[in-house]
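Colleague: Quick one: sequence and predicted model below, then my questions.
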Amino acid sequence: MHLYEDKKKKFYFYILIFFLLSTVSNNKFLNISKIYLINHIEINNLEENLKKIVEKNITTIKGKNIFFIKKDEVNNKFKTIKFIENISIKKKFPSTLIININRTELLAKINIGNKKYYLGSNGYLIDYNLISSKKDLPYFFGRYEKKEFIKFLNYLKEADFELKKIRSFYYFPSGRWDLVTKEGIKIKLPKYDLNYSLDLSKKIIKKQNKKNYLIDLRVKEKIIINDGKK
């Protein structure tokens with residue numbers, strides 16, 4: 001009988017020890033895991049007002065375990081922010097997330113519905129008032145179509161036609177473009193053969209070496225140069 005009682009006491013004693021050790025172990029695990037919860041997010045390369053917009057979009061990331069946070073999860077938070085071109089994400093252990101942001105390049109200004117926007121190199125419209133440092137950029141006139149604008153920018157890039165020399169873009173419903181340079185030279189481009197036409201207009205500008213005139217290249221194999229700028 002005494003032997004049975006001893007065994008019973010030992011059994012409960014071991015159960016108690018196991019419970020205590022498990023509790024201590026779990027508490028240690030919980031304390032260690034708390035160290036790796038994201039409590040600081042460092043945002044680089046943005047001015048303060050833009051940084052605040054980004055911070056609002058990523059508040060739900062704080063408090064998550066840095067080991068388990070996925071880059072796609074962070075990237076998805078930025079999809080609606082139009083002034084961002086791309087981002088890179090780094091984990092700084094134990095609890096800091098570093099987000100380096102490349103802002104889209106501002107290429108032009110446009111008015112839509114009495115509101116002013118910037119056109120970014122990513123093709124998006126960016127609220128003019130968001131950007132504190134105002135830029136001397138060309139104006140865009142006509143109906144804005146993202147796909148066509150990006151396509152035209154690629155033509156300009158291929159022709160090495162510098163944006164800083166352009167005063168304004170004009171896009172017509174027919175799909176044709178006009179340019180006006182800062183020297184007052186208006187270039188009427190055809191709908192097709194833009195690479196050739198842009199290259200030709202550069203050669204004409206260099207040869208003419210003057211300001212305020214018209215280059216009309218709309219008719220194939222015909223060049224009209226008019227000082228009246230009609």
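Modeller: Sure thing, it's come through.
Colleague: residues in contact with residue 125?
Modeller: By CB atoms under 8 Å, 6 or more residues apart in numbering, the contact list for residue 125 reads 82, 110, 112, 117-119, 144. Heads up, the C-betas are built off the backbone N, CA and C, glycines and all.
Colleague: will you turn those into JSON lines that also has pLDDT?
Modeller: Output for the contacts of residue 125, formatted as JSON lines (pLDDT from 0 to 100):
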{"residue": "82", "pLDDT": "94"}
{"residue": "110", "pLDDT": "95"}
{"residue": "112", "pLDDT": "92"}
{"residue": "117", "pLDDT": "95"}
{"residue": "118", "pLDDT": "94"}
{"residue": "119", "pLDDT": "94"}
{"residue": "144", "pLDDT": "94"}
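Colleague: Do a quick rundown of the strands in the protein.
Modeller: Assigned by DSSP state E, the chain shows strands spanning 40-44, 84-92, 96-103, 106-112, 115-120, 125-127, 139-142, 166-171, 177-181, 185-188, 213-216, 224-226.
Colleague: Dump those strands to TSV, plus distance to residue 157.
Modeller: Output for those, formatted as TSV (distance: least, CB to CB, whole Å):
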stretch	distance to residue 157
strand 40-44	27
strand 84-92	16
strand 96-103	18
strand 106-112	11
strand 115-120	15
strand 125-127	20
strand 139-142	17
strand 166-171	13
strand 177-181	14
strand 185-188	16
strand 213-216	20
strand 224-226	25
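Colleague: Which of those strands sits closest to residue 66?
Modeller: Of all the strands of the chain, strand 84-92 sits nearest to residue 66, with 5.5 Å by CB to CB.
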